[in-house]
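Enquirer: Sequence and predicted structure below; questions after.
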Amino acid sequence: MPIINSIAAFHPEMTAWRHDLHAHPELSMQEARTSRVVQEKLAEFGVDEIITGMATHGVVGVIRSGTSDKAIGLRADMDALPIHEETGLPHASKTPGVMHACGHDGHTTMLLGAAKYLAETRNFDGTVYLIFQPAEEFEGGADKMVKDGLFDRCPMDKVYGLHNWPEAKAGTFFWRTGPIMAAVGFFEITVTGLGSHGASPHQGIDPIVVSAQIIGALQTIVSRSIEPIQGGVVSIGSIAGGEAYNILPERVVMKGTARWYLPEVGDKIETGMHRLIHGIAESFGARAELNFFRHAPATVNDEDATTLAIEAAKTISGAAAVREMRAPTMGGEDFAYMLNAKQGAYLMLGGGSGNGDPLLHHPKYDFNDEILPVGASWWATLVEQQLTKAG
C-alpha cells in the first residue's frame, strides 16, 4: 500500500498510542482520560489551537497553513462499550466490563497520526479541524457537539468520517453515496402482570407469556407494515423477568433496537410498536409501557464529498481496493448528525485478515494495528487534495 512514508515511519508510535487507549476504555460521556490524552498529544504535535468542552469531553485540534479560507473537518470517535473483554491480549482492557469493541481506539489513533503529520508538514493551504467526538455509541455525542456550536466555532466546507470494517480485507475502502448506515432507535418495554405460583398460573397474569406474544408480533411491523424495498429491523436484545423456577414474576423488561433508512419508516415502526404492545397487553389483562428513543438518523453521504473521499482512498490503496458497497448496512452512526448539518461523507476501511476475525462489538474483537497508517494517510491525503497548496 502506498501509504505516506513519514506516517509509516511512526507506525510503532501509533500502535503504542492505540494500545494505551485500548487498555483504558471509557464509556459514552465518561471519556475524561481519553480526552486528556488526545489534548496532550495535540499539544505535543504543535497544533495551532485546541478547543475543548463541546459535548463535555469533545476535543477539536486546529491546524492552519497558508492564507486560504477553505477548511475541512476530520472526525473520530473516542468512546468504548459496556462489554467484558475476552481477548487475553497484553493491552486488554484494565476496566472490567468495559472495552473498545468497536475500534474507536483505532479511529482516535489514526486521526492523531494524521494530526502529527499535518502539523509537521503543513503541506496544504487552509484550515484543518481534527474532531475527536465522545459518546458515539450512546448519548448522541455528535448531536451534542453540533448543538454546542461545532460548525459555528469551526467553520468548515466539508466533514469526513471513517470506520474500521473487520469483515473486509485490511486496507480496502468501501463507499456509498446516499444512505450508508441506518437510523437507530433504542427501546425498553415493561410488561406488568400479576405474579403467582407456577403451579397456579390461573391466579395471576403471566407477563412472560404476554412478552412472548409481543416479541412475535413486533416482527410483523416490518414484514407486514413496511414496503419490502424500504427496509427496517426490530430486534429484542435483552429480556429480564423472574428468578425462580416455580414463580411467575410480576414484571418483565425487554430492551432492543430498531433500524431504518427513511424517516417515515421510523415513524411507522414506533407507531406500530405502541399499537401492538399496548393492545396485546390489554388483551391479556396486563399493562405495558414503551419507552422509544431515537439515537441517530440515517448516515447519508453527499455525492460530491464522496467522490473526493474515493479519490483520496484510491491514492492510498489503489483503485482495485476501493469498492462500492453492495447495500447500506443496518449498523448506525451518530456522525449522521454532522452530515445533516454539513456536506461530507463517511467511508469504511477494511481491517480483516480473512481468517474469521471477531466482528465489531464482539468480546474478542481487537482493532487491526496494520491499518493505522492507512487510515492516517487517508485523512492526510484528504486534506492535501482538497486544500491544495499553491505551486
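Expert: That came through, no problem.

Enquirer: in the helix or strand hosting Phe292, what's buried?
Expert: For Phe292, the host element (DSSP states H and E) is strand 287-296. Neighbour counts using 16 or more other CB atoms under 10 Å place 287-288, 290, 292, 295-296 of strand 287-296 among the buried residues. (C-beta placed from N, C-alpha, C; glycine too.)

Enquirer: Closest to Ile180 out of those?
Expert: Ala296 (12.6 Å; CB to CB).

Enquirer: excluding its backbone neighbours, what's nearest the closest one?
Expert: Asp334 (4.0 Å; CB to CB, 6 or more residues apart in numbering).

Enquirer: That neighbour touches Ala142, doesn't it?
Expert: Yes. Using CB atoms under 8 Å, Asp334 makes contact with Ala142 at a distance of 4.2 Å.

Enquirer: Mind listing the shared neighbours of these two?
Expert: Listed as contacting both Asp334 and Ala142 by CB atoms under 8 Å, 6 or more residues apart in numbering are 136, 296.

Enquirer: Quick one, grab the pLDDT at the spatially most central residue of the chain.
Expert: Central residue of the chain (CA atoms, centre = their mean): Glu333, 4.2 Å from the mean position. On pLDDT, Glu333 comes in at 95.

Enquirer: Please apply the same query to the one 10 residues further on.
Expert: The pLDDT attached to Gln343 in the predicted structure is 98.

Enquirer: That one: what's it in contact with?
Expert: By CB under 8 Å, 6+ apart, Gln343 lies in contact with 157-159, 302, 304-305.

Enquirer: out of the residues you listed, which one sits closest to Leu89?
Expert: Looking across those and measuring by CB to CB, the closest to Leu89 is Val159, at 32.8 Å.

Enquirer: Which element, helix or strand, includes that closest one?
Expert: In this structure, Val159 is located in strand 158-169 according to DSSP H and E.

Enquirer: Show me what counts as buried in stretch 130-150.
Expert: Buried-residue list, stretch 130-150, by 16+ other CB under 10 Å: 130-137, 139-146, 150.

Enquirer: Sort out for me which of the residues you listed are in helices.
Expert: Mapping the buried residues of stretch 130-150 onto helices (DSSP state H) picks out 141-146, 150.

Enquirer: Same list, the residues you listed, but as CSV with pLDDT and distance to Thr177 please.
Expert: Putting these into CSV (pLDDT from 0 to 100; distance: CB to CB, whole Å) gives the following:
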residue, pLDDT, distance to Thr177
Gly141, 96, 25
Ala142, 97, 20
Asp143, 97, 23
Lys144, 97, 27
Met145, 98, 25
Val146, 98, 22
Leu150, 98, 24
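
Enquirer: which one of these is nearest Gln213?
Expert: Using CB to CB, those come closest to Gln213 at Asp143, 35.1 Å.

Enquirer: nearest spatial neighbour of that closest one, skipping sequence neighbours?
Expert: The shortest distance from Asp143 to any residue other than its chain neighbours is 4.3 Å, reached at Tyr337 (CB to CB, 6+ apart).

Enquirer: surely the one you found meets Ala142?
Expert: Yes. Shown here, Tyr337 and Ala142 form a contact pair, counting by CB under 8 Å, at 4.2 Å.

Enquirer: Kindly provide the distance from Thr87 to Arg33.
Expert: Noted for Thr87: a distance of 20 Å to Arg33, by CB to CB, to the nearest Å.

Enquirer: In this structure, where is pLDDT below threshold?
Expert: Along the chain, segments meeting pLDDT under 70 span 1, 391.

Enquirer: I'd say Phe138 and Ser28 touch.
Expert: Yes. Counting by CB under 8 Å, Phe138 touches Ser28, with 4.2 Å between them.

Enquirer: Can you pull the residues that touch both of these two?
Expert: With contacts defined as CB under 8 Å, 6+ apart, the residues shared by Phe138 and Ser28 are Asp79.

Enquirer: just how off-centre is stretch 357-375 within its chain?
Expert: Centroid displacement of stretch 357-375 relative to its chain, using CA atoms, centre = their mean, to the nearest Å, is 14 Å.

Enquirer: If we go by neighbour counts, what in that stretch is buried?
Expert: Applying 16+ other CB under 10 Å to stretch 357-375 flags 357, 360, 362, 365-369, 371-375 as buried.

Enquirer: Just the ones in helices from those residues, please.
Expert: 372-375.

Enquirer: Distance to Asp206 added to these, as CSV?
Expert: Putting those into CSV (distance: CB to CB, whole Å) gives the following:
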residue, distance to Asp206
Leu372, 53
Pro373, 58
Val374, 54
Gly375, 52
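
Enquirer: just those residues now: which is nearest Arg323?
Expert: Nearest to Arg323 among those is Val374, at 14.9 Å by CB to CB.

Enquirer: The closest one - nearest residue in space that isn't next to it in sequence?
Expert: Closest residue in space to Val374, ignoring its immediate chain neighbours: Gly171 at 5.3 Å, by CB to CB, 6+ apart.
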